[in-house]
Every structure is written in C-alpha cells, then in structure tokens.
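# no FASTA, just this:
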Ligand code: 5GP
Ligand code: MN
C-alpha cells in the first residue's frame with residue numbers, strides 16, 4: 001500500500017479541480033475494466049470526476065458494467081483520448097506495469113504527459129511512477145482498489161456500482177475464486193462487496209453465460225485437436241486466422257480457452273497460440289500450476305510477461321515454427 005505520506009498527498013490531489021484520467025492495458029479484461037470503472041464510481045461518489053480511457057475495444061460480456069458505455073476507446077476516438085491524457089493532472093495506471101502494455105498510441109501519450117502518475121497493479125516488476133502500489137500476491141487489481149479505498153478510510157463511498165465493478169474483476173481474475181492467490185481476505189472483500197450491492201449470480205451470469213455460437217464452434221475445434229506433450233505435463237492449443245474468419249470470430253470469443261488445457265489431469269502448463277485477425281503475429285497465452293514460472297518464460301523467449309501462473313507474449317514466426325520452437329523449450333517449464 002502507499003505509505004502514510006503518499007496517501008495524504010493522494011488525498012489532497014484527488015479533488016474536483018484536478019482532471020483525472022484512468023487508463024488500463026491493451027485488450028482490457030474483466031479486472032482492467034472492473035478496476036477502472038470501480039475507481040471511477042468511487043471518485044464520482046466523492047464528488048470527483050474521472051474519465052476512463054482504454055487503448056482498444058473490450059469484449060461484449062463486459063459491456064453490461066455500469067458506465068461501460070462512457071469509456072473512451074482510443075482506437076475509435078483518438079482525438080478525445082489524446083486530449084484527455086494530455087490535459088490530465090492525474091493519471092491512474094491500473095492493471096498494467098509499464099506504459100508499453102497500453103499499446104503504441106496510448107503509451108506515447110502517457111510518456112509525454114506531465115500529469116502525476118499513480119500505479120495500482122499486481123503484475124511483476126513494475127516501472128517507476130510518482131506513486132506506486134504494486135503487490136504481486138494479490139489476485140486482482142480490483143482487490144487492490146478496495147484496499148486503496150480502505151486505506152483512504154472511505155469504504156462508505158463504495159456504492160452498488162463500485163461494488164459490482166470490483167466484484168467482477170475479482171471474480172474474473174481469480175477464475176471464479178479458483179486460482180492460488182485467492183485468499184481469505186479476497187473472500188472477506190467480496191463478502192463486503194455483496195453487502196454493498198454486488199449480486200454474485202447476476203454478475204456471473206452477465207459475464208459468463210453469454211457464449212456466442214462462434215465461441216462454442218471455435219472451442220469445439222480447438223478441443224478436438226488439443227495436444228498433450230512432455231509426458232502429459234504440457235497442453236497445446238492453437239487457432240489460425242482463416243479459422244477465426246470461418247467461424248465468425250468476435251472479440252472476447254477465445255477468452256479463457258487456455259484454461260481448458262490446464263483442466264486436464266496431470267497437465268501443469270497450458271499454452272494457447274492464436275493468430276491475430278489482421279496483423280502478422282501470434283498472441284500466446286500461458287497458464288501454469290504450482291511454482292512453474294510462465295512469467296519468466298514469456299519474458300525470456302516471447303517478449304512478454306505477466307504473473308507466475310498466467311502470462312502472455314507474441315511471436316512473429318508462423319504457427320508451425322512458433323509451436324515447434326515452443327515444443328523444444330517446453331521441458332524448461334518445470
Ligand atoms: P492473457 O493470457 O489473459 O492475455 O494474459 C495473461 C497475463 O499475462 C495477464 O496478466 C497479462 O497482463 C499478461 N500478458 C499477456 N500478454 C502479455 C504481453 O505481451 N506482455 C506482457 N508483459 N504481459 C502480457
Ligand atoms: Mn489483473
């Protein structure tokens with residue numbers, strides 16, 4: 001958490017005279033959107049305005065969240081995003097650890113901005129900013145926003161909207177309260193959020209019971225050819241661009257696919273390779289069990305990063321080469 005001195009500084013600058021912008025990472029997920037909107041609703045309740053800017057569009061299954069429609073998507077509204085970031089007195093950097101994770105356009109705006117930068121994030125090895133609250137043991141940035149509001153002694157400002165947003169990010173980033181970093185504290189906080197108006201069945205249904213036909217068809221395709229190597233310890237899944245097109249891929253359709261590999265008995269690492277729909281690169285997602293560090297692996301070989309048990313990266317090789325290189329390296333993951 002920020003120290004007492006930092007907290008009192010932050011308290012001073014979070015006032016209605018300052019322009020506040022909240023930014024999150026490229027391809028925002030439930031935790032990114034949940035923490036940004038959760039923080040915004042909390043600030044609004046305090047009487048402070050804030051704008052949320054995201055680098056690119058986010059999945060339909062997150063658009064039910066209160067004020068999701070008011071988010072500025074830099075890909076679609078470059079001028080507005082650029083004006084907001086340029087004129088910001090305070091920039092919150094949520095759920096990412098280095099400007100480059102917000103894509104070229106937004107990251108150059110962050111780097112040029114003179115605003116005070118406040119980082120709240122749970123990824124490994126954060127950059128330096130004016131204020132940094134980084135904790136890699138916490139499962140979700142949404143949980144950190146709750147701790148931050150607690151440290152500000154303002155949990156009375158958590159209303160139904162804030163509660164719904166923070167609950168969503170905790171739920172999605174813990175894989176439904178299943179991953180290792182889910183703690184008793186996580187559950188205590190979600191219990192408080194439920195008391196403040198977050199409705200678990202409504203939120204999980206809004207977020208997860210929204211499969212499109214294209215998603216189910218793509219899932220069936222990748223599961224039917226899932227490969228397990230390395231004595232049953234490593235699962236490999238992949239999707240090619242022509243397949244995405246054939247089944248009518250929509251943003252968010254492949255969220256969570258990588259977890260199917262990890263659900264197989266004996267599998268300790270799951271790798272999912274997917275060609276970008278427009279550009280010549282492959283996005284890779286890793287998930288692992290126990291102490292198998294896929295963050296370091298992604299950093300070392302794939303110009304990526306993330307967490308010990310969930311990370312990602314990119315490859316500029318074609319699919320066959322990328323997968324064959326990975327197969328040669330997979331035994332390092334133990
Ligand atoms: P996902 O597989 O869900 O895209 O990402 C899993 C985790 O790895 C997330 O915490 C995400 O921030 C991180 N991650 C994914 N791709 C990249 C990447 O290209 N670079 C870095 N540094 N982190 C990534
Ligand atoms: Mn997160």
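Yep, that arrived. Just so you know, these numbers come straight off a predicted model, no measurement behind them. Numbering: from 1, shown residues only. Ligands and ions are numbered 1, 2, ... in the order given.
# CA only for contacts and neighbour counts going forward, please
Noted.
# just say helix, strand or coil for residue 58.
coil (DSSP: H, G, I helix; E, B strand; the rest coil).
# so what's it closest to, chain neighbours aside?
residue 28 (5.7 Å; Cα to Cα, 6 or more residues apart in numbering).
# look up how far residue 19 lies from that neighbour.
Distance of residue 28 to residue 19, given as Cα to Cα, to the nearest Å: 22 Å.
# with residue 191 instead?
Applying Cα to Cα to residue 191 and residue 19 gives a distance of 32 Å.
# the more surrounded of those two?
residue 19 (20 against 14; other Cα atoms under 10 Å).
# what helices or strands is the strand or helix carrying residue 189 leaning on?
Element membership for residue 189 (DSSP states H and E) is helix 184-195. Helix 184-195 is packed against helix 141-151, helix 160-173, with contacts defined by 3 or more Cα pairs under 8 Å, 6 or more residues apart in numbering; DSSP states H and E.
# tell me which of those helices sits most buried.
With neighbours defined as mean count of other Cα atoms under 10 Å, the helices and strands packed on helix 184-195 peak in mean count at helix 160-173, which reaches a mean of 26.
# all helices for the chain, in order.
Using DSSP state H, the helices of the chain run over 4-13, 30-45, 78-86, 103-112, 141-151, 160-173, 184-195, 200-208, 213-224, 241-246, 257-262, 294-302, 319-329.
# minimum distance to residue 118: which of the ones you listed has it?
Each of the helices of the chain has some distance to residue 118 by Cα to Cα; the shortest is helix 4-13, at 8.8 Å.
# buried ones in the closest one?
residue 10 (16 or more other Cα atoms under 10 Å).
# so residue 97 makes contact with residue 117?
No: in terms of Cα atoms under 8 Å, residue 97 does not count as a neighbour of residue 117; the distance is 11.8 Å.
# more neighbours, those two?
Taking neighbours as other Cα under 10 Å, residue 97 and residue 117 compare with residue 97 leading, 25 against 21.
# ok, now how distant is the more buried one from residue 303?
For residue 97 relative to residue 303 (Cα to Cα), the value is 14 Å.
# cool, and residue 243?
26 Å.
# also residue 280?
Distance from residue 280 to residue 303, by Cα to Cα: 16 Å.
# what's the answer for residue 106, then?
From residue 106 to residue 303 the distance is 19 Å (Cα to Cα).
# with neighbour numbers in mind, choose between the two.
residue 106 (27 against 12).
# can you tell me the closest non-neighbouring residue to that one?
Residue 106's closest residue in space is residue 55 (Cα to Cα, 6+ apart), at 6.1 Å.
# next, the one you found: phi, psi?
phi -60, psi -50 (degrees, to the nearest 10).
# chain center to the lowest-mean-pLDDT helix or strand in the chain, what's the gap?
Sorting the helices and strands of the chain by mean pLDDT, DSSP states H and E puts strand 305-306 at the bottom, at a mean of 94. Distance of strand 305-306 from its chain centroid, counting by Cα atoms, centre = their mean, to the nearest Å, is 11 Å.
# got the contact list for residue 57?
27, 28, 73, 75 (Cα atoms under 8 Å, 6 or more residues apart in numbering).
# only the buried subset of these, as a ChimeraX command please.
To isolate the buried members of these in ChimeraX, using 16+ other Cα under 10 Å:
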select :27,28,73
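# so for stretch 285-301, mean pLDDT?
Stretch 285-301 carries an average pLDDT of 97.
# how far does it sit from the chain's center?
For stretch 285-301, the distance to the chain centre is 16 Å (Cα atoms, centre = their mean).
# contacts for it?
With Cα under 8 Å, 6+ apart as the criterion, stretch 285-301 contacts 258-259, 262, 268-273, 304-313, 333-334.
# can you tell me which of the residues you listed are buried?
Burial by neighbour count, 16+ other Cα under 10 Å: within the contacts of stretch 285-301 this picks out 258-259, 262, 268-273, 304-313, 333.
# just these that are near ligand 1?
304, 305, 306, 307, 310, 311, 312, 313 (Cα under 6 Å from any ligand atom).
# what's the burial count for residue 112?
11.
# number of nearby residues for the residue nearest to it when sequence neighbours are not counted?
In space, and not counting its chain neighbours, residue 112 is closest to residue 86: 7.7 Å by Cα to Cα, 6+ apart. By other Cα under 10 Å, 16 other residues sit near residue 86.
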